[in-house]
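Engineer: below is the sequence, then the predicted model.
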Amino acid sequence: MAEAKLRIDKWLWQARFFKTRSLAAKQVSGGHVRLNGNRVQKPAQAVAPGDVLTFAQGRIVRVVRIEKIGDRRGPAPEAQTLYFDMTEKQDVPPKNPGFEGKGRPTKKDRRSLDLSRTEDR
């Protein structure tokens with residue numbers, strides 16, 4: 001029996017790495033996806049179980065090994081069975097280290113934040 005294969009853009013979409021298939025195709029066409037270490041330019045490139053994909057997702061570089069080919073774009077738990085995540089833990093710095101997300105800062109907090117920013121210069 002022949003090995004099951006699927007288009008790379010469709011697999012990335014089914015595995016829920018991209019919200020739409022056209023976004024996945026755009027990433028592949030832009031040369032931002034690697035298949036087994038080689039840059040892929042065509043969204044119609046076929047992938048099979050055992051292949052390793054490397055691509056950027058936000059600020060993180062994802063490395064995933066394809067475990068199986070899916071039949072549909074199902075719920076997230078189903079999509080997570082399609083791959084094994086080999087991504088190493090990456091420390092992503094917070095967007096704004098001075099603000100902790102506890103609501104609007106008080107005037108005193110804003111002054112101290114402004115002072116800390118001027119001291120850095």
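Structural biologist: Received it, and whenever you're ready, just let me know what you need.
Engineer: looking at stretch 10-17 now, give me its mean pLDDT.
Structural biologist: Mean pLDDT, taken over the full extent of stretch 10-17, equals 95.
Engineer: residue contacts, the nearest residue to residue 51 once chain neighbours are set aside?
Structural biologist: Using CB to CB, 6 or more residues apart in numbering and skipping residues adjacent in sequence, the residue nearest residue 51 is residue 66, 4.9 Å away. The way it works is simple: take the backbone N, C-alpha and C, and place the C-beta from them, glycine included. Contacts for residue 66 were tallied using CB atoms under 8 Å, 6 or more residues apart in numbering; they are 11, 47, 48, 49, 50, 51, 52, 53, 82, 83.
Engineer: same check, this time on residue 34
Structural biologist: By CB under 8 Å, 6+ apart, residue 34 lies in contact with 40, 53, 54, 55.
Engineer: which one (most neighbours) among those residues?
Structural biologist: residue 53 (23 neighbours; other CB atoms under 10 Å).
Engineer: share the number of residues neighbouring the closest residue to that one other than its chain neighbours, please.
Structural biologist: In this structure, residue 53 finds its nearest non-sequential neighbour in residue 64, 5.3 Å apart by CB to CB, 6+ apart. When neighbours are defined as other CB under 10 Å, residue 64 has 20 of them.
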